[in-house]
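Structure for this input, please:
(one chain, ligands or ions: 1)
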Amino acid sequence: MEYIVRPETKVNARYYDVVVCGGGTAGVFAAIAAARNGAKTALIESKGYVGGIAAEGGCGLHSFYNLWKAFPGVEKRMVVRGIPEEMVQRLTQANGASGHNETVLRYEYDSDTLCVDVEIYKFVVLQMLREAGVHVMLNTMAVDTLVSGQRVEGVITESHQGCEAVMGKVFIDATGYGDLSARAGAPYTEPNDYTVANSMGIGGIDIDKYYSFLKDNGALTEYACGPRGGRSNQIIRVDGDWSKISDELERKVQELGMHTVTTTLHDNYFMFIKLNYMMPKTPTDRDALADAEYELRRRQQEALKLLRQTVPGAENAFIARTAPTITIRRARCIECEYDISNEEVVNGKHFNDEIYSYGFHDYAPRIQIKNGGTYGLPYRAIQVKDLENLFAVGMMITSDHNAHMSTRNTVSCMAMGQAAGTAAALCADSGITNVRDLPYGILHDALVMSNVWFDQEHL
Ligand SMILES: Cc1cc2nc3c(=O)[nH]c(=O)nc-3n(C[C@H](O)[C@H](O)[C@H](O)COP(=O)(O)OP(=O)(O)OC[C@H]3O[C@@H](n4cnc5c(N)ncnc54)[C@H](O)[C@@H]3O)c2cc1C
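Residues are numbered from 1 along each chain as shown. A predicted model of the protein is given here:
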C-alpha cells in the first residue's frame, strides 16, 4: 500500500485524572465509579449515546445471581451488586426494566431473567453519568494514543469540533475492540472465534401467540414471566427449538444465523431477534466489516419474512429498531498480567486480589460454575501488560474461549468496569503511577463500601 507522512499539528489539550475510552457495557460503570471516587473523569464514546452492546446487541442483563435453580438446595445469592444493581433499580423505577424474575423453563441455563427497554437504558445510564459529574464526550472517537515509555499520557480524539488531546493519569480501555491498548502498543491477539451480529426489535408481533405456537408444536424450550405492558406475570422471555416444527424451518434459521430467543417489556414488541454471521476475517478489518454490515441487514430482511410467514400474529410484523453498527463478541484480546482459565472459572477459584465474584457461564448447562457457586476475577486480569497506567475491561480480556464465555457477559463486564474505575481513581488520588502498586486492601475496602459483593466464604 502507498503511504503519506501526516504533518504534525498543534491540538487543544484537556487534562483529567481518569480517562475512560468507550462508553459501552463496561465503560459507563468504570466512569461512574471513577467520578464517584473523586476523580476528574472523562468518558470518550464514538456514538451519540452510551450503553454499547447492553443497549443494542445482546438479549438482556440476566445473570446477576448464581445459578441456584440448577442445583437443588443451593442458596440463591445475588452475586453482582454495586453500581450495576443500582442501575437496575433506577431502570426499573423508570419502567425501563422488568426487575429480577425467576426463569420458569431453562433455569438450568440462567435462573434469573431481567428484561430491559434499551432506549430507557441509554437515557438512565447517561443520567447517572451526568449526576456523577463525568465529562461525557459523545460522538467522539479515540483515534490514537500519546505514549511515553510504559505510560499512556493521552488519547487523541476526533469529533465534529476537531482533533483534541485528552490527557490523563490513568486510562481505561473499554472500547470492546481494544483500540486504545493496541494503539498504545500492548500485546494482543485476534482470535476471530465468534460470529458478529446485528440485533433487531420487531414491532407488530405477539409474544403470547409466539409462546402458544411453540408450545402447541412441542417446541417450547425457554420462558420467564414478569411485568409487561403494565400488567404483572406476563411472558417476557421465550425461545423454542424450531427443528421440532419442521426441518425446513430449522434449515432456514440456521442459514440466517437467527437466534430466536426474545425478551420484551411491551405488548406487540420483541426487543431482540439476533442475526449472526461468521466473518472470514477479524472484525478490525474495515472492509470485511462493511461486507458483514451488508450481509446482516440482508439477513434481517429474510428473517422478517420468515417470522411473518411462520408465526401466528406476526403477519404484519415490521423492523422497529436495528443496532446502528455490527455488534461483536470479541475482536482483539488484550494481554493482561493474568489470564483466567476455564478450569479456574468452572472450579470456582477465588484469588487474594479479586475485584468481584461472578457465577454465570454462557455455555451452561454444559459448562457451569461448580455446585452453583462463584469464581473471582483477579485485579491482575485487567492490568494491561507492558503499560503502567492502563486497564482493559469488558470483552477484550481472557484468551481462553470457554473462560471468555463467562467473563465477557454483560453483568461481568459491568462489575469489571466498576472495579477498574475505582482502582483508577484511587491511583490518581494517591499519586500511584503504576496501577500494580495500589495496595489491594485499599481497593477491596473501596469496592465493599460501594456495595460490591465478595463471596466471603472463599476469601
Ligand atoms: C449479539 C450479542 C449477543 C450477546 N448476548 C449476551 C447475553 O444475552 N447475555 C450476556 O451476558 N452477554 C451477551 N453478549 C456479550 C456481551 O453483551 C458483551 O460481551 C459485552 O456487552 C461487552 O461489553 P464491552 O463494554 O466490552 O463492549 P461494548 O458494550 O461494545 O462497549 C464498547 C464501547 O466502546 C465504543 N467504542 C469503540 N471504539 C471506540 C473508539 N475508538 N473511541 C470511542 N469509543 C469507542 C463503542 O461505541 C461502545 O459503546 C452478547 C454479545 C453480542 C455481540
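
Would you map out the domains in this structure?
Domain segmentation of the chain under automatic domain parsing yields 14-62+125-193+331-458, 196-322.

Buried deepest among these, which one?
Across the domains of the chain, averaging neighbours per residue (mean count of other CB atoms under 10 Å) puts domain 14-62+125-193+331-458 on top, at a mean of 22. Any C-beta I mention is one placed from the backbone N, CA and C, and that applies to glycine too.

which residues touch the one residue in the stretch 1-150 of the chain that gets nearest to the ligand?
Here the stretch 1-150 of the chain gets closest to the ligand at one residue, Gly24, 1.7 Å apart by CB to the nearest ligand atom. Counting by CB atoms under 8 Å, 6 or more residues apart in numbering, Gly24 touches 45, 50-54, 174-176, 394.

Same list, those, but as TSV with pLDDT, distance to Gly373 and secondary structure please.
Formatted as TSV, the contacts of Gly24 follow (pLDDT from 0 to 100; distance: CB to CB, whole Å; DSSP: H, G, I helix; E, B strand; the rest coil):
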residue	pLDDT	distance to Gly373	secondary structure
Glu45	98	35	coil
Val50	98	33	coil
Gly51	97	30	coil
Gly52	97	29	coil
Ile53	96	27	helix
Ala54	95	25	helix
Ala174	99	28	coil
Thr175	98	32	coil
Gly176	98	29	coil
Gly394	98	24	coil
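
What about the ligand: which of these touch it?
Among these, the residues lying close to the ligand (CB under 6 Å from any ligand atom) are 45, 52-54, 174-176, 394.

which of those residues sit farthest apart?
Across the ones next to the ligand among the contacts of Gly24, no pair lies farther apart than Ala54 and Thr175, at 14.6 Å, counting by CB to CB.

I'd like the domains of the chain as a markdown table, with distance to Pro72 appended.
Listed next are these as a markdown table, based on distance: least, CB to CB, whole Å:
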| stretch | distance to Pro72 |
| --- | --- |
| domain 14-62+125-193+331-458 | 9 |
| domain 196-322 | 19 |
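
wait, what's in contact with Asp206?
Applying CB under 8 Å, 6+ apart, one finds that Asp206 lies in contact with 267-268, 312-314.

right, and Asn371 touches Gly348 too?
Yes - at 7.2 Å, Asn371 and Gly348 qualify as touching, with contact defined as CB atoms under 8 Å.

Residue of the stretch 251-400 of the chain nearest the ligand, please.
Counting by CB to the nearest ligand atom, the stretch 251-400 of the chain gets nearest to the ligand through Gly394 (2.2 Å).

Quick one: name the residues of the stretch 301-450 of the chain near the ligand.
Contact residues (CB under 6 Å from any ligand atom) of the stretch 301-450 of the chain with the ligand: 327-329, 394-395, 408-410, 413.

CA atoms only for the helix or strand harbouring Ala423 - export them in CSV, please.
Element membership for Ala423 (DSSP states H and E) is helix 410-430. Output of helix 410-430 as CSV, limited to C-alpha atoms (Å, rounded to 0.1, in the frame of the first residue of the first chain):
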residue,chain,number,x,y,z
THR,A,410,-22.8,-8.2,30.3
VAL,A,411,-23.1,-8.2,34.1
SER,A,412,-19.5,-9.4,34.5
CYS,A,413,-18.3,-6.5,32.2
MET,A,414,-20.3,-4.1,34.4
ALA,A,415,-18.7,-5.3,37.6
MET,A,416,-15.3,-5.2,35.9
GLY,A,417,-15.9,-1.6,34.9
GLN,A,418,-16.8,-0.6,38.4
ALA,A,419,-13.6,-2.2,39.7
ALA,A,420,-11.3,-0.6,37.1
GLY,A,421,-12.9,2.9,37.6
THR,A,422,-12.5,2.6,41.4
ALA,A,423,-8.8,1.5,41.1
ALA,A,424,-8.1,4.2,38.6
ALA,A,425,-9.5,6.9,40.9
LEU,A,426,-7.6,5.6,43.9
CYS,A,427,-4.3,5.5,41.9
ALA,A,428,-4.8,9.0,40.6
ASP,A,429,-5.7,10.4,44.0
SER,A,430,-2.7,8.9,45.8
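
what angle sits between the next helix or strand after that helix and helix 410-430?
Next along the chain after helix 410-430, taking DSSP H and E as the criterion, comes helix 440-449. Using axes from the mean of the first three to the mean of the last three CA atoms, to 10 degrees, the inter-axis angle of helix 440-449 relative to helix 410-430 is 120 degrees.

Give me the contact list for helix 440-449.
The contact list for helix 440-449, computed with CB under 8 Å, 6+ apart, reads 37, 82, 352-353, 355-356, 379, 418-419, 422-423, 426, 454.

Among these, which pair sits farthest apart?
For the contacts of helix 440-449, the maximum inter-member distance is 22.2 Å, found between Asn37 and Asn352 (CB to CB).

Mind picking the two most distant members of the contacts of Asp206?
Largest separation among these by CB to CB: Asp267 and Pro312, giving 15.5 Å.

Return the residues in contact with Ala184.
Counting by CB under 8 Å, 6+ apart, the residues that Ala184 touches are 145, 147, 152, 171, 384, 387, 390.

typo on my end, it should be Gly376
Residues near Gly376 by CB under 8 Å, 6+ apart: 349-351, 354-358, 454-455, 458.
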